[in-house]
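> Return a 3D structure for these sequence lines:
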Amino acid sequence: MEPANTDLFGSGAREASETDAAVARRFSNQVDAMISKANELEQRVKELTDFYTHKKQPKNLKWISSCLKDKTDGAQKESGCSERMQEVMCQFGTILKQLSAHKWAEPFLEPVDVKGLRLRDYYKIIKRPMDFSTIQKQMEANVYKNAREIYADVRLVFSNAMTYNEDNKHDIHVMAKTLQQKFEEKWIHLIPKVVAAEKRQIDEEAQALAAQEAAIAKLARDTNNELNHLNLLIEELRESVMQRCRKMSTEEKRKLSSGIASLCPEYLFKALELIAQSNPNFQDSAEEVDIDIDAQGHHPKKTLRSLLHLTWVAAIEDIAVTVEHSGSERGSGFFVS
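This next block holds a predicted model:
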């Protein structure tokens, strides 16, 4: 009659096997999480390197840009203008409306009708066409970063007209020159405000740049800390795995030897099959078999056979404890060393 709870592949073995499987899943999940984190940190390091070494702009770096997004003042940063500069540019809009209302402004309100007027050489002479409506649209779209950019485009409208109609007595030439003079008069009165706004904008941009650099420096420190933390986690996981794969102690070998020697022939044969699978040099055909515990690979590699060997070790240890409590004595022709 077989001793109770000594089924090598029964409930005890299944419990041990399930425990090892759960541990393996936990280790696997930890490794997956670490790989994911390592990939994320690798991307961070690459972007930080691009920023510091290759002087790439943060807006061109996906992760850094997303981290800095909440730290920027949306509308102001997008337009690149200080509030004072925006006020000056609004005054420029008023000047543009006044020019547009002048009786000689009509030729400059819309883009030149090159096809309708059959001006075949227009684009050969005028490399960058400009008109009041285009300027107005670009102002509304926050294309201009400062008042001087608007000033340059308004001057370009008149410059193009006088360049294409170079005869200084031509109507368009005269109209353009007259409106340009009026525009320059208004610009002179606006210059002090423009200069003050530019100074304010330079100061604000310097402050924003300093804040941005400080924020990126913090991101770099945080990334370095996370890398160090990840290294610690990897080391802890390595230690945990090594603990699971450590050599058996003398006491553990004694229990294992006792458990194997106490098995009935049927289950002992199954155990020997597992040993043979783990150790190809093992010979189990003799009448008396000497099992060398130290030759059974107690440092299992990451292979299916080694995992099978771990399952066997766990199962045998569980059975050894059961056998010790059962008080059953069995003789066998096997010697365990």
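> From here on, just use CA atoms for contacts and neighbour counts.
Noted.
> now the residue lying closest to E106 once chain neighbours are set aside: how far from Q201?
Computed as CA to CA, 6 or more residues apart in numbering, the closest residue to E106 that is not its neighbour in sequence is S100, at 7.5 Å. Separation of S100 from Q201 (CA to CA, to the nearest Å): 29 Å.
> Y151 now?
Y151 is 17 Å from Q201, by CA to CA.
> now do M175
35 Å.
> Backbone dihedrals for D131, both of them.
The phi/psi pair for D131 (degrees, to the nearest 10) reads phi -150, psi 170.
> Which helix or which strand is home to V143?
Counting by DSSP states H and E, V143 is held by no secondary-structure element, helix or strand.
> pretty sure P192 is in a strand, no?
No. P192: not assigned to a strand; according to DSSP: H, G, I helix; E, B strand; the rest coil it is helix.
> Now stretch 132-143 - C-alpha only, PDB.
Taking C-alpha atoms only, stretch 132-143 is exported to PDB below (Å, rounded to 0.1, in the frame of the first residue of the first chain):
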ATOM      1  CA  PHE A 132      -2.400  94.900 -47.600                       C
ATOM      2  CA  SER A 133      -4.900  92.000 -47.400                       C
ATOM      3  CA  THR A 134      -2.100  89.500 -47.100                       C
ATOM      4  CA  ILE A 135      -0.500  91.500 -44.300                       C
ATOM      5  CA  GLN A 136      -3.800  91.700 -42.500                       C
ATOM      6  CA  LYS A 137      -4.400  87.900 -42.800                       C
ATOM      7  CA  GLN A 138      -0.900  87.200 -41.500                       C
ATOM      8  CA  MET A 139      -1.400  89.600 -38.500                       C
ATOM      9  CA  GLU A 140      -4.700  87.800 -37.600                       C
ATOM     10  CA  ALA A 141      -2.900  84.400 -37.900                       C
ATOM     11  CA  ASN A 142      -0.100  85.600 -35.500                       C
ATOM     12  CA  VAL A 143       2.500  85.000 -38.200                       C
END
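> what is the mean pLDDT for that stretch?
In this model, stretch 132-143 has a mean pLDDT of 94.
> Identify each buried residue in that stretch, please.
132, 135, 139, 142 (16 or more other CA atoms under 10 Å).
> what's the answer for stretch 172-186, then?
Quick answer for stretch 172-186 (16+ other CA under 10 Å): 172-177, 179-180, 183.
> same deal with stretch 187-202?
For stretch 187-202, using 16+ other CA under 10 Å, the buried residues are 187, 194, 197-198, 200-201.
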